[in-house]
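Peer 1: Let me see the structure of the following:
(chains A and B)
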Amino acid sequence: MAYSEKVVDHYENPRNVGSFDKNDAAVGTGLVGAPACGDVMKLQIKVNADGIIEDAKFKTFGCGSAIASSSLVTEWVKGKSIDEASTIKNTDIAKHLALPPVKIHCSVLAEDAIKAAIDDYKRKHGA
Amino acid sequence: MGTQTTNDRLANAPTKPVYLDYQATTPMDPRVLDAMMPFFIEKFGNPHSRNHHYGWEAEEAVEIARKQVADLIGADEREIVFTSGATESNNLAIAGVAHFYKDQKNHIVTVVTEHKCVLDTCRHLEQEGFTVTYLPVKTDGLVDLAALEAAITDKTVLVSIMAANNEIGVIQPLAEIGAICRKKGAFFHTDCAQAFGKIPLDVEAMKIDLMSISGHKIYGPKGIGALFVRRKPRVRLQALIHGGGQERGMRSGTLPTPLCVGLGKAAEIARQEMASENARLTTLRDRFLKTVHEKLPEVFLNGDFSNRLPGNLNLSFAYVEGEGLMMGIKDLCVSSGSACTSASLEPSYVLRALGVEEELAHTSLRIGFGRFTTEAEVDYAADRIVQAVSKLRSMSPLWEMAQEGIDIKSIQWAAH
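Peer 2: Below you'll find the model as predicted:
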């Protein structure tokens, strides 16, 4: 299968790989997917006092498209408010990376990861 | 090579992709091509033209090739039927025997790890009313002989069990299986696409009644294979392809003389060089495994190690998904048992049949060494894989959790 240039770029030069302390009150962590399905994404956001995502990190177990999708969303969420970040759609991710139909689930998972990270952050803050 | 460091070896990258997928196909041996060349233009006759020079020379070449194939398995040349490849041979053996004997027997025994062309033929026969038993395998990939014996009834016409598995290279105990089949009165068919030319095979000692053979797995041409059909005691089968009655009525169609010659030559070379080639491949495989095991923890071999094709490895690199790994080693040509490399999104059915858990099945690579693999390529491949796995593990949330002592199985994952 031929990957798009953008997928290859994110795979070879993944942005924002790493982890934050998941117990930090400013950090929201999303862990989605399942090992048995061949895809697991961990996405973390660090939110400042103004409610803006000032940093994001990811780790992904999966194919090149899954790695690229999660790398891309760490770039997209940075600088956004958590409400803005929650409007990121899987279709935008798939379109940006030119994912083939069989890889659309990777973009769905990346959207789920953002939502899960935001939910975790909100839960910590009693929302 | 011993004094080079990993970085030296990685810096000396080969100029073209390293081919390590010898179970998928093999390049032709130049000696095979040389043998074939005269039969395209100069000696182009139809081997079935019985009344002129061109026909005779083509027929003679085909019959020499038939003998070369027969000699490699201890058969008589009259027991060799040329086909288009192992898929056709498997179809002809299974459907052909089932249809011929359908008034007396209606049961077939096979194994869940067989190639799709065996399993799919069996599925079609089930739709026609035949009964098929699909035996499981043990965790080492080998069939349980007691279970096999118990599965054969007086209605069993055929037992079809492959010699060597295409994914995990595991070699079944053919002589023991043959003895059981003969004792119980069922024909024994074995798909030898991966085994013919790679390991010693003897249709007498192993009591094999039908054997499927492929050309392109043994450095011969694509588009040619053969089926061994025993004459004593005689195995009858109904043809799949009807026409001029070539190949003693079992497979009509003009024989492709150059391809037959190529298969014959490839078989002859295999017979002469099998022992030395297997010793060399075993050395390369062990060299590769040593590097990988020294530098990477949690790498697991799928399938039995000792009963295995010398050039085959199937390894699970825990916490790293197979397709993602293949993308990181684009200059190595291997294949993966991961779902993502196929359209089905299911991991390898062969690995699942061994009881390999789905998460490990997703992390597997099949690595195949062959006649033209060099020591330098093996070293480079091992270093590249170690490098890529290390990088991807540093990005893997599962690796991170394992390092923190979290049991991944204790987590409630949402299937998607």
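
Peer 1: give me phi/psi at A:Ile45?
Peer 2: phi -120, psi 150 (degrees, to the nearest 10).

Peer 1: Distance of it relative to B:Glu377?
Peer 2: 44 Å (CB to CB, to the nearest Å). Backbone N, C-alpha and C define where each C-beta goes, glycine included.

Peer 1: now do B:Thr83
Peer 2: 33 Å.

Peer 1: thinking again about what came up before, the more surrounded of A:Ile45 and B:Glu377?
Peer 2: A:Ile45 (28 against 18; other CB atoms under 10 Å in any protein chain shown).

Peer 1: Using the record's domain definitions, break chain B down for me.
Peer 2: B:6-28+B:273-400, B:30-270 (automatic domain parsing).

Peer 1: For the ones you listed, which has the smallest mean pLDDT value?
Peer 2: Here the lowest mean pLDDT among the domains of chain B goes to domain B:6-28+B:273-400, at a mean of 92.

Peer 1: what separates B:Glu79 from B:Asn91, distance-wise?
Peer 2: 18 Å.

Peer 1: same question but for B:Pro27, I mixed them up
Peer 2: Counting by CB to CB, the gap from B:Pro27 to B:Asn91 is 26 Å.

Peer 1: More neighbours: these two, which one.
Peer 2: Remark: of B:Pro27 and B:Asn91, B:Asn91 carries more neighbours, 20 against 14, as counted by other CB under 10 Å.

Peer 1: Now do the contacts for that one.
Peer 2: Residues near B:Asn91 by CB atoms under 8 Å, 6 or more residues apart in numbering or on different chains: B:Cys117, B:Thr121, B:Leu240.

Peer 1: Secondary structure element for it, which one?
Peer 2: Using DSSP states H and E, B:Asn91 sits within helix B:86-100.

Peer 1: Touching stretch B:280-297 from outside, list them.
Peer 2: For stretch B:280-297, the external contacting residues (CB under 8 Å, 6+ apart) are B:299, B:301, B:310-313, B:315, B:317, B:367, B:369-370, B:373, B:375, B:378-379, B:381-383, B:385-386, B:389-390.

Peer 1: Among those, name the ones in strands.
Peer 2: B:Val299, B:Leu301, B:Asn312, B:Leu313, B:Leu315, B:Phe317, B:Ile367 (DSSP state E).

Peer 1: thought the third one was touching B:Gly370?
Peer 2: The one in question is B:Asn312. No - with contact defined as CB atoms under 8 Å, B:Asn312 and B:Gly370 do not form a contacting pair (9.9 Å).

Peer 1: okay, the two: which has more neighbours?
Peer 2: B:Asn312 (26 against 23).

Peer 1: quick one: contacts for the residue lying closest to that one once chain neighbours are set aside?
Peer 2: Nearest non-adjacent residue to B:Asn312, counting by CB to CB, 6 or more residues apart in numbering or on different chains: B:Gly169, 2.8 Å away. Going by CB under 8 Å, 6+ apart, B:Gly169 touches B:Gln23, B:Gln194, B:Gly303, B:Arg308, B:Leu309, B:Gly311, B:Asn312, B:Leu313, B:Asn314.

Peer 1: okay, how far is it across stretch B:153-161, tip to tip?
Peer 2: Start-to-end span of stretch B:153-161 (CA to CA, to the nearest Å) is 16 Å.

Peer 1: can you give me the offset of it from its chain's centre?
Peer 2: Centroid separation for stretch B:153-161 versus its chain: 22 Å, with CA atoms, centre = their mean, to the nearest Å.

Peer 1: Mind listing what's buried along it?
Peer 2: Using 16 or more other CB atoms under 10 Å in any protein chain shown as the test for burial, stretch B:153-161 gives B:Thr156, B:Val157, B:Leu158, B:Val159, B:Ser160, B:Ile161.

Peer 1: from the ones in strands among the contacts of stretch B:280-297, which would you call buried?
Peer 2: B:Val299, B:Asn312, B:Leu313, B:Leu315, B:Phe317, B:Ile367.

Peer 1: where does B:Asp191 fall, phi/psi-wise?
Peer 2: Dihedral angles (degrees, to the nearest 10) for B:Asp191: phi -80, psi 110.

Peer 1: beta partners for it?
Peer 2: B:Ser212 (DSSP bridges).

Peer 1: again, but for B:Phe228
Peer 2: B:Ile80, B:Met211.

Peer 1: So what's the residue count around it?
Peer 2: B:Phe228: 29 neighbours (other CB under 10 Å).

Peer 1: what's the answer for B:Ala11, then?
Peer 2: Count around B:Ala11 with other CB under 10 Å applied: 9.

Peer 1: how about the helices in the stretch 251-400 of chain B?
Peer 2: B:257-295, B:322-328, B:349-353, B:358-361, B:375-394, B:397-403 (DSSP state H, counting those that start in this stretch).
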